[in-house]
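please find the sequence and the predicted model below.
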Amino acid sequence: MNHRLARKAERDNPPAGEFLNIDGVRLHYVDRGDGDPIVLLHGNGSMIQDFESSGLIDLATRTHRVIAFDRPGYGHSARPRSRVWTPEAQADLIHEALSRIGIERATILGHSWGCSVAVALAHKYPWLVSGLVLASGYYYPTARPDVIGMAGPAVPLVGDLMRYTISPILSRLMWPLLMRKIFGPQRVPAKFAGFPKAMAVRPSQIRASAAESALMIPDAAAYRAIYSSLGMPVAIVAGAEDRLVDPKAQSARLHREIAKSSFDLVPGAGHMIHQTDTGVVMAAIEKVAAPRKT
């Protein structure tokens, strides 16, 4: 049943963009607009339709070329099991993809787990990243008991059994609770109805999400020493009422460590700040984007 539901979700939500085949990975992306490029990297459990439904892609394409990726294992992108998809591994993949489509320099935006990939790109390929926008990110290791449960479906064999039996069913049942947590204290906006829940609860995407949950704390521990070395302009954005990531312990601390950074703490906003406060995120992009040519 889960297999049939997953295939139906893919038929009902066909690819909106194009594909690149890079080192065995079939990577799905959309490329729209003209102007200085902006690259969008979604968070854990998400996909291109998150940025699409938020209105951020439409808003940004008024003045910029926008490239949004389904990161490996999400949406219509593959996630080969032959490698561990750390932020650095994903940064290498995105760098090669951008090179293939002729992007030499861009503003990079990451949301949530996508912030880790954005930071990895900025650290390893600083000549590519003209500006960095980090929204609702997790940057420093903390005690997170919830991560242990979320990582379960990534465990070999046992996790595979979970993903094709109970995990999709539990994910569907827990969806309203999860939405209240990530959007809270605000309500889920009506525009988010355009996000395909059925795609997010496929066994393949559950595995990707679980694997990234397992990597979250170790990756934060590995990258915390490099933040102060980032030399490009950085715009940090977070919701003051984020129920998933503590903005004071994470985003505010990051702002203190990065010399060329700005910090917008949005009152009343939660984790999904690009959905609830799209204009604030767009303003953060404009702070660090290359000046438009006249």
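Great, that's in hand.

hmm, residue 110 is touching residue 119, no?
Yes: Residue 110 is within contact range of residue 119, at 7.4 Å (criterion: CB atoms under 8 Å). Heads up, the C-betas are built off the backbone N, CA and C, glycines and all.

which neighbours do these two share?
132, 134, 137 (CB atoms under 8 Å, 6 or more residues apart in numbering).

who wins for most neighbours among those residues?
Compared across the shared contacts of residue 110 and residue 119, residue 134 has the highest neighbour count, 31 neighbours, by other CB atoms under 10 Å.

where do the helices of this protein begin and end?
For the chain, the helices defined by DSSP state H cover 2-12, 48-54, 56-60, 87-100, 113-124, 145-150, 158-163, 166-183, 197-200, 203-223, 253-257, 273-276, 278-288.

which one of those lies closest to residue 32?
Across the helices of the chain, the minimum distance to residue 32, taken as CB to CB, is reached by helix 56-60, at 6.6 Å.

what does the closest one rub up against?
With contact meaning CB under 8 Å, 6+ apart, helix 56-60 is reached by 30, 32-33, 38, 40, 51, 66, 68, 274, 278-279, 281-282, 285.

name the nearest of the shared contacts of residue 110 and residue 119 relative to residue 77.
Comparing the shared contacts of residue 110 and residue 119 against residue 77 with CB to CB places residue 137 closest, at 21.0 Å.

list the residues that contact the closest one.
Listed by CB under 8 Å, 6+ apart, the contact set of residue 137 reads 110-112, 115-116, 119, 236, 238, 245, 250-251, 254.

how about a cut-off of 7 Å?
Residues counted as contacts of residue 137 (CB atoms under 7 Å, 6 or more residues apart in numbering) are 110, 112, 115, 250-251.

for residue 30, same thing?
Shown in contact with residue 30 (CB under 7 Å, 6+ apart): 16-17, 48, 68.

separation between the closest residue in space to residue 217 that isn't next to it in sequence and residue 45?
Closest residue to residue 217 apart from its sequence neighbours, by CB to CB, 6 or more residues apart in numbering: residue 141 at 4.8 Å. With the distance defined as CB to CB, to the nearest Å, residue 141 ends up 20 Å from residue 45.

do residue 130 as well
When residue 130 is compared with residue 45 (using CB to CB), they lie 28 Å apart.

about what we covered before: more neighbours, residue 141 and residue 45?
Neighbour tally, residue 141 and residue 45, criterion other CB under 10 Å: the higher count belongs to residue 45, 22 against 15.

for residue 71, give me phi and psi.
phi -60, psi 160 (degrees, to the nearest 10).

tally of neighbours for it?
28.

what's the answer for residue 88, then?
Using other CB under 10 Å, residue 88 has 19 neighbouring residues.

how far away is it from residue 3?
For residue 88, the distance to residue 3 (CB to CB) stands at 32 Å.

can I get the contacts of residue 137 in a markdown table including distance to residue 215?
As requested, these are exported to a markdown table (distance: CB to CB, whole Å):
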| residue | distance to residue 215 |
| --- | --- |
| 110 | 15 |
| 112 | 13 |
| 115 | 13 |
| 250 | 16 |
| 251 | 20 |
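
show me what contacts residue 253?
residue 140.

if I look at it, how far off is residue 93?
Computed with CB to CB, the distance linking residue 253 and residue 93 is 29 Å.

cool, residue 87 as well?
11 Å.

okay, the two: which has more neighbours?
More neighbours surround residue 87 than the other of residue 87 and residue 93, with 26 against 22 (other CB under 10 Å).

returning to that earlier point: distance check, the residue nearest to residue 217 against residue 44.
For residue 141, the distance to residue 44 under the criterion CB to CB works out to 16 Å.

for the stretch 151-294 of the chain, which spans come out with low pLDDT?
Applying pLDDT under 70 to the stretch 151-294 of the chain flags the ranges 151-168, 290-294.

and with 50 instead?
293-294 (pLDDT under 50).

equivalent analysis for the stretch 1-150 of the chain, please.
Counting by pLDDT under 50, the stretch 1-150 of the chain has no low-confidence residues at all.

same thing but at 90, please
Filtered on pLDDT under 90, the stretch 1-150 of the chain yields the residue ranges 1-9, 81-83, 142-150.

residues touching the residue nearest to residue 54 when sequence neighbours are not counted, list them.
The shortest distance from residue 54 to any non-neighbouring residue, by CB to CB, 6+ apart, is to residue 275 (4.6 Å). With CB under 7 Å, 6+ apart as the criterion, the residues that contact residue 275 are 54, 189, 192.

then residue 45?
Counting by CB under 7 Å, 6+ apart, residue 45 makes contact with 200, 209.

what's in contact with stretch 226-242?
Around stretch 226-242, the neighbours that count as contacts under CB under 7 Å, 6+ apart are 122-123, 126, 129-136, 139, 185, 247, 251, 254-255, 257-258, 260-271, 273, 280-281, 284, 287-288.
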